[in-house]
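Undergrad: Got a predicted structure plus its sequence, pasted below:
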Amino acid sequence: MAENNGDTILELKDITKIFPGVKALDGVHFNLRKGEIHALMGENGAGKSTFIKVITGVHAAEEGKMFLEGKEVRFRGPKDAQEAGIAAVYQHPTSYPTLSVTENIFMGHEKLSGRMIQWKQMNADAQELLDRLDADFKPTDEVGALSVAQQQMVEIAKALSMDAKIIILDEPTASLTANESEKLYGIVEKLRDEGKSIIFISHRFEDMYRLASRVTVFRDSRYIGTYDVNGISNEDLIKAMVGREIKDMYPKEKVEIGDVVLKAENLSRTGFFKNVSLEVRAGEIVGLTGLVGAGRTEVMETVCGITQADTGRILLNGKEFNPVNPKTAMDAGIVLLPEDRQKEGLILTWGLGRNVTLPIQEDVAKNGMNNEAKEREISKKYLEDVDTKAVTIFQPANSLSGGNQQKVVVAKALAEDGVKGMKVIIMDEPTKGIDVGAKAEIYSIMVDLAKKGFAIVMISSEMPEIIGMCDRIYVMCSGRMTGCLERNEATQERILELAMAESKEVSA
Ligand SMILES: Nc1ncnc2c1ncn2[C@@H]1O[C@H](COP(=O)(O)OP(=O)(O)OP(=O)(O)O)[C@@H](O)[C@H]1O
Ligand SMILES: [Mg+2]
C-alpha cells in the first residue's frame, strides 16, 4: 500500500451509493494529494464513474464522508462542487453539439455585464484557454463539427474556465489515437505542474504508467487498495483489478486460413481516401490502423454500404458486390461493430435484451419461434458470453456502466453473426473503454470466430492489441494505404513509421 505522506486535498471515507437493485459503491475510500495525478482503475461496473459523480455532487451518497482540505463538506448538487473548485470531464460528455465552443465552455457560468452576455470577452477568454491547451480550433466553431479529441479539449477548457483546483477526467483517452493521447498527457502534466490535483480514470495501463504517481483500485463496488505506481508489478495490479491472474492476454492461435472472402480494389472516395486495396481471408484477423483521420473507419463504412465509393470495386467471395446501403451489406453477411456505441450502437432507453436482438427481430419471427422466449434466450447467451455486468436483461442500457454498454453492442454483433451466419465481421475499436479482463475475453471470442471461418477486420489504435491479435496489419495514413505488415514483422516502430509515412514525405 502507498503511504499517504503528501498534503491531502481531498479525502473520501466509507462511501456507499445504492441504485435500485445495485450497490454501486460499498464503503470505498480515496485520498488525493495536492499536485498529484492519481489514477483510478478497476473493471467495468466497478463503480468508478459513480464515485466521481458522488465527488461532484451529481449523486448523493447514502453513507460516508468527504473532506476538502481537511474540512468536511456536503454537496447538494454539482453547483456546490463547482464552487468548491472541483471540475469533471465525464465519460459521456454532455456537450451541446449545435452550440459554439465558447457557448459550451461558459454554459452555466456566462459572463454578464448587467443582463448583457459579454460575447466578446467570452470569446477572448475561450481563445486564451484554447491557446493554453494548444488547440487547433476556434472559439466560434460549432462543437458538433469537431473531432472527439477536440470535443474532449472543449470539456477540459470548460474545467479550466471554472478555475478548478481538482480536475477529474473519466476515461479521456478512450477515443483518442496514440498521438492525441500523447498531447493530452502533455496537457495533464502541465496542469499538475501548475499545482492542480488530478484524478484520471482509464482502462489503459499505458496512461497510468505515463502519468500517475499513485493508483487506487476498485473491484465489485469495493475499495481494494492504493498503490505507488512504481511499487506494484503489472501482474499484481491486474490481479487487484480482476481478482484473478490473466495468463494470456492475447490468445492468438494458428487457424487454418481459407479463401479470400472480402476484397477491396482501388477504392476511392473524394476527400476521404484514395486507391485503397485490401483483402481478408476466412479465418484471418486483419488489423487496420493509422493515426486520426487516416480514413480507416471511412473505408469500412463504404464496405458496409453506409457510404459509397466514387471509384474502385468490392468483391465478396470473388463476386463483385455493390453495397448500396447497410442492409445490402448485412444481407450479404457483413456486420459492423460501430465505434461510437452511444450514438450508433444502442437505444439507450431500451432494455439490454431488446438491444441485442434488434437486428435479428425478423429472423426470430420468420422461424415461427416464440419471439419473447427466444429473444430472451439469445440475448442472455450473448450477454453472458461477453461477461456483461447487469442485473436483468430488461434494465435500460443507460443504467449500465460505460464499458458494459460497450459489451452490449459487442453481444449484439455476435448475436447477429450467430443467427444470420455472417461471413465478415468488422470491429471498429472493439475494446475501447473495456476493462482488462473483458478485453481478454473479447480477444478469445475473436479467435473462436476466426476458427469458425469468419473473416475479421479489427480497426484499432491500440498497438498492443493490433500486434498481439492480428495475422496481418494494414496501415493507413491520410486516406492512403501505406503498407501491410505480416504478423512476424510487425513492431510498434514499423507501424508508426507507416502511419506517418506521408507526413514524412511532405517534410522531407
Ligand atoms: N443511473 C444508474 N442507475 C442504475 N444503476 C446504475 C446507474 N449508474 C450506474 N449504475 C450501476 O452502478 C454500477 C457501477 O457503475 P459505474 O458506471 O460507476 O462503473 P464504472 O466503474 O465507471 O465502469 P466502466 O469502466 O464500465 O465505465 C454498475 O453496476 C452500474 O450498472
Ligand atoms: Mg465509468
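TA: Perfect, I can see it now. Ligands and ions are numbered 1, 2, ... in the order given.
Undergrad: At which residues are the helices of the stretch 1-150 of the chain located?
TA: In order along the chain, the stretch 1-150 of the chain carries the following helices (DSSP state H, counting those that start in this stretch): 48-55, 78-83, 101-106, 119-132, 148-161.
Undergrad: Can you say which of the ones you listed is nearest to ligand 2?
TA: Distances from ligand 2 to each of those were compared using Cβ to the ion; the minimum, 3.1 Å, belongs to helix 48-55. Bear in mind the C-beta positions are built from the backbone N, C-alpha and C, glycine included.
Undergrad: nearest residue to the residue of the stretch 51-200 of the chain found nearest ligand 2 other than its sequence neighbours?
TA: Across the stretch 51-200 of the chain, no residue is closer to ligand 2 than residue 91, which sits at 4.7 Å (Cβ to the ion). Using Cβ to Cβ, 6 or more residues apart in numbering and skipping the chain neighbours, the partner closest in space to residue 91 is residue 170 (4.2 Å).
Undergrad: Any idea how many residues pack against the one you found?
TA: The tally of other residues near residue 170 (other Cβ atoms under 10 Å) stands at 22.
Undergrad: List, one by one, the residues from the stretch 251-400 of the chain near ligand 1.
TA: 389, 399, 400 (Cβ under 6 Å from any ligand atom).
Undergrad: Distance check, the last one against ligand 2.
TA: Read it as residue 400. As defined by Cβ to the ion, to the nearest Å, residue 400 lies at a distance of 10 Å from ligand 2.
Undergrad: What angle do helix 48-55 and the helix or strand harbouring residue 227 make with each other?
TA: Counting by DSSP states H and E, the element that carries residue 227 is strand 222-228. For the pair strand 222-228 and helix 48-55, the angle between their directions (axes from the mean of the first three to the mean of the last three Cα atoms, to 10 degrees) equals 90 degrees.
Undergrad: which of the residues in whichever helix or strand comes after strand 222-228 are buried?
TA: With elements assigned by DSSP H and E, the helix or strand that comes after strand 222-228 is helix 234-242. Along helix 234-242, these residues count as buried under the neighbour rule (16 or more other Cβ atoms under 10 Å): 237, 238, 239, 240, 241, 242.
Undergrad: Next: stretch 188-203.
TA: Here stretch 188-203 shows 188, 191, 192, 196, 197, 198, 199, 200, 201, 202, 203 as buried, counting by 16+ other Cβ under 10 Å.
Undergrad: okay but the first one is in contact with residue 36, surely?
TA: No - the pair residue 188 / residue 36 is not scored as a contact, 11.5 Å apart, by Cβ atoms under 8 Å.
Undergrad: Which neighbours do these two have in common?
TA: Overlap between the contact sets of residue 188 and residue 36, as judged by Cβ atoms under 8 Å, 6 or more residues apart in numbering, is given by residue 198.
Undergrad: about what we covered before: between all of the buried residues of stretch 188-203, which two are separated the most?
TA: Within the buried residues of stretch 188-203, two members stand farthest from each other by Cβ to Cβ: 196 and 203, at 23.0 Å.
Undergrad: Strands of the stretch 401-508 of the chain, start to end?
TA: Ranges of strands within the stretch 401-508 of the chain are 424-428, 455-459, 472-477, 480-486, based on DSSP state E, counting those that start in this stretch.
Undergrad: picking that back up, now tabulate the helices of the stretch 1-150 of the chain in TSV and tack on mean neighbour count.
TA: Putting the helices of the stretch 1-150 of the chain into TSV (neighbours: other Cβ atoms under 10 Å) gives the following:
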stretch	mean neighbour count
helix 48-55	25
helix 78-83	16
helix 101-106	25
helix 119-132	16
helix 148-161	22
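Undergrad: quick one, which residue of this protein lies the farthest from its center?
TA: For the chain, the residue at maximal distance from the C-alpha centroid (Cα atoms, centre = their mean) is residue 114, at 42.5 Å.
Undergrad: Could you pull up the contacting residues of that residue?
TA: Shown in contact with residue 114 (Cβ under 8 Å, 6+ apart): no residues.
Undergrad: on that earlier part again, centre of the chain to the strand holding residue 227, how far?
TA: For strand 222-228, the distance from its own C-alpha centre to the chain's C-alpha centre is 24 Å (Cα atoms, centre = their mean, to the nearest Å).
Undergrad: so where is the stretch 301-450 of the chain shaky, pLDDT-wise?
TA: Scanning the stretch 301-450 of the chain with the threshold set as pLDDT under 70 gives 341-343, 366-370, 421-422.
Undergrad: In it, which residue sits closest to ligand 1?
TA: Distances between the stretch 301-450 of the chain and ligand 1 by Cβ to the nearest ligand atom are smallest at residue 403, namely 2.7 Å.
Undergrad: That residue and residue 45 touch, don't they?
TA: Yes - in terms of Cβ under 8 Å, residue 403 counts as a neighbour of residue 45; the distance is 7.0 Å.
Undergrad: what's the closest non-adjacent residue to residue 393?
TA: The shortest distance from residue 393 to any residue that is not its chain neighbour, by Cβ to Cβ, 6+ apart, is 3.6 Å, and that residue is residue 353.
Undergrad: Same question for residue 280.
TA: Taking Cβ to Cβ, 6+ apart as the measure, residue 280 lies nearest to residue 455, with 4.1 Å between them; neighbours along the chain are not counted.
Undergrad: Over to residue 46: give its phi and psi.
TA: Main-chain torsions, residue 46, degrees, to the nearest 10: phi -70, psi -20.
Undergrad: Contact partners for it?
TA: By Cβ under 8 Å, 6+ apart, residue 46 lies in contact with 218, 219, 220, 221, 401, 435.
Undergrad: got JSON lines for the residues you listed, with neighbour count too?
TA: Converted to JSON lines, the contacts of residue 46 look like this (neighbours: other Cβ under 10 Å):
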{"residue": "218", "neighbour count": "25"}
{"residue": "219", "neighbour count": "18"}
{"residue": "220", "neighbour count": "14"}
{"residue": "221", "neighbour count": "21"}
{"residue": "401", "neighbour count": "23"}
{"residue": "435", "neighbour count": "26"}
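Undergrad: Near ligand 1, list only the ones from those residues.
TA: 401, 435.
Undergrad: what's the closest of the contacts of residue 46 to residue 274?
TA: residue 435 (37.6 Å).
Undergrad: What's the local residue count around the residue of the stretch 301-450 of the chain closest to ligand 1?
TA: The burial count assigned to residue 403 is 26, neighbours taken as other Cβ under 10 Å.
Undergrad: With residue 345 instead?
TA: Quick note: residue 345 (other Cβ under 10 Å) scores 21 neighbours.
Undergrad: likewise the one 3 residues further on?
TA: A count of nearby residues for residue 348, using other Cβ under 10 Å, gives 16.
Undergrad: how close does residue 247 get to residue 93?
TA: Here the criterion is Cβ to Cβ, to the nearest Å. By it, residue 247 lies 37 Å from residue 93.
Undergrad: Same drill for the two, tell me which one is more crowded.
TA: Neighbour tally, residue 247 and residue 93, criterion other Cβ under 10 Å: the higher count belongs to residue 93, 17 against 8.
Undergrad: Pull the contacting residues for the more buried one.
TA: In this structure, residue 93 makes contact with 151, 152, 155, judged by Cβ under 8 Å, 6+ apart.
Undergrad: Now the stretch 351-500 of the chain against ligand 2: closest residue?
TA: Counting by Cβ to the ion, the stretch 351-500 of the chain gets nearest to ligand 2 through residue 402 (4.2 Å).
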